[in-house]
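task: produce atomic coordinates for the following.
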Amino acid sequence: MGGTAIAFAWALSLAFVALDGGLALAGKPPAFDGASRAGLALLPWLVVAGMPRRGREQPRFAGLVPLAFALPTVGLGLGLDVASGASVTGAPPVLWFTLGGLATLLAWSLAAERARQAPRAALVHAVTWLAVVPGFAALWCALAWAPRGGGGELDGGAQWIETLAPLASPCAWSFHWTRAEQFAELTSADASRSFVVLGVGVLAWAQASWLAARERGARP
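Numbering: from 1, shown residues only. This is a model prediction of the structure:
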């Protein structure tokens with residue numbers, strides 16, 4: 001994973017947390033009142049972790065790099081959530097959502113690292129990542145979240161996107177449980193969605209691993 005992407009994600013992740021922390025120290029209302037700071041800190045990492053990567057020769061544990069850089073800011077955000085009254089394991093179960101997000105981040109990062117080992121695997125992973133991670137999230141924001149915010153009604157296709165996107169795209173899932181109007185209403189039952197999103201990331205890793213192994217095995 002490139003240093004530019006890591007620096008961008010780390011700076012944006014820290015900015016989300018630092019902004020609220022600075023306002024709190026100044027005695028002012030938080031910028032994201034009611035939202036999960038851990039979720040906000042995690043969101044940039046979910047975007048960049050599975051991004052297609054170039055080159056084949058990388059350190060053995062390169063897939064762990066995004067997780068290592070994400071842990072400090074996400075952990076700080078989790079601490080702010082708990083300090084603001086969020087329950088660690090109750091409702092909303094901020095710990096389970098955070099752990100699910102970190103595991104999903106790791107799955108997509110490992111998928112990207114595995115895919116870079118073979119050209120065809122890299123191409124398939126790039127298409128998969130583009131469609132699932134930013135693609136579904138963009139559709140969800142445009143067709144479901146924005147109309148809902150404006151008080152509009154959703155048609156059948158938009159309702160389908162509203163249901164499916166937070167189950168497939170880690171970005172849509174993270175934003176769904178992070179945003180202020182949803183976070184306080186979540187229950188332990190909603191945490192089950194994190195297993196579905198994680199499962200999609202694991203499938204992406206399995207696909208990349210199978211294609212890379214098959215392509216490398218076919219070489220003379």
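
tell me the contacts of G50?
With contacts defined as C-beta atoms under 8 Å, 6 or more residues apart in numbering, G50 is in contact with W108, S109, A111, A112, H125, W129, V133, G201, A204. Glycine gets a C-beta too; all of them are placed from N, C-alpha and C.

could you list the low-confidence segments of this protein?
Where the chain drops to pLDDT under 70, the residues are 1, 21-34, 56-59, 87-92, 149-152, 180-185, 187-189, 218-220.

which helices and strands sit right next to the host helix or strand of A111?
Taking DSSP states H and E as the definition, one finds A111 inside helix 94-115. Packed against helix 94-115, as judged by 3 or more C-beta pairs under 8 Å, 6 or more residues apart in numbering; DSSP states H and E, are the following elements: helix 37-48, helix 65-83, helix 119-130, helix 170-178, helix 192-218.

let's have the ones you listed in JSON lines, adding distance to L102.
Listed next are the helices and strands packed on helix 94-115 as JSON lines, based on distance: least, C-beta to C-beta, whole Å:
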{"stretch": "helix 37-48", "distance to L102": "7"}
{"stretch": "helix 65-83", "distance to L102": "6"}
{"stretch": "helix 119-130", "distance to L102": "18"}
{"stretch": "helix 170-178", "distance to L102": "11"}
{"stretch": "helix 192-218", "distance to L102": "10"}
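
out of these, which gets nearest to A5?
Closest approach to A5 among these is made by helix 37-48 (4.6 Å; C-beta to C-beta).

for the closest one, name the packing helices and strands.
Applying 3+ C-beta pairs under 8 Å, 6+ apart, one finds that helix 37-48 makes contact with helix 3-25, helix 65-83, helix 94-115, helix 170-178.

got those helices as TSV, with mean neighbour count and distance to S194 columns?
Formatted as TSV, the helices and strands packed on helix 37-48 follow (neighbours: other C-beta atoms under 10 Å; distance: least, C-beta to C-beta, whole Å):
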stretch	mean neighbour count	distance to S194
helix 3-25	16	19
helix 65-83	19	14
helix 94-115	24	3
helix 170-178	26	7
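
quick check: the gap between the spatially most central residue of the chain and G156.
Of all residues in the chain, the one closest to the mean position by C-alpha atoms, centre = their mean is L46, 3.0 Å from it. Applying C-beta to C-beta, to the nearest Å, the value for L46 to G156 is 28 Å.

before we move on, what about I6?
In terms of C-beta to C-beta, I6 sits 41 Å off from G156.

do A7 as well
For A7 relative to G156 (C-beta to C-beta), the value is 42 Å.

give me phi/psi at P52?
Note on P52: its backbone torsions stand at phi -60, psi 140 [degrees, to the nearest 10].

surely it touches A115?
Yes: applying C-beta atoms under 8 Å, one finds P52 in contact with A115, separated by 7.2 Å.

touching both of those two, which residues are there?
Common neighbours of P52 and A115, counting by C-beta under 8 Å, 6+ apart, are A122, H125, A126.

which of these tops the neighbour count?
Within the shared contacts of P52 and A115, neighbour counts (other C-beta atoms under 10 Å) peak at H125, which reaches 28 neighbours.

ok, that residue touching A206?
No: using C-beta under 8 Å, H125 makes no contact with A206, being 11.3 Å away.
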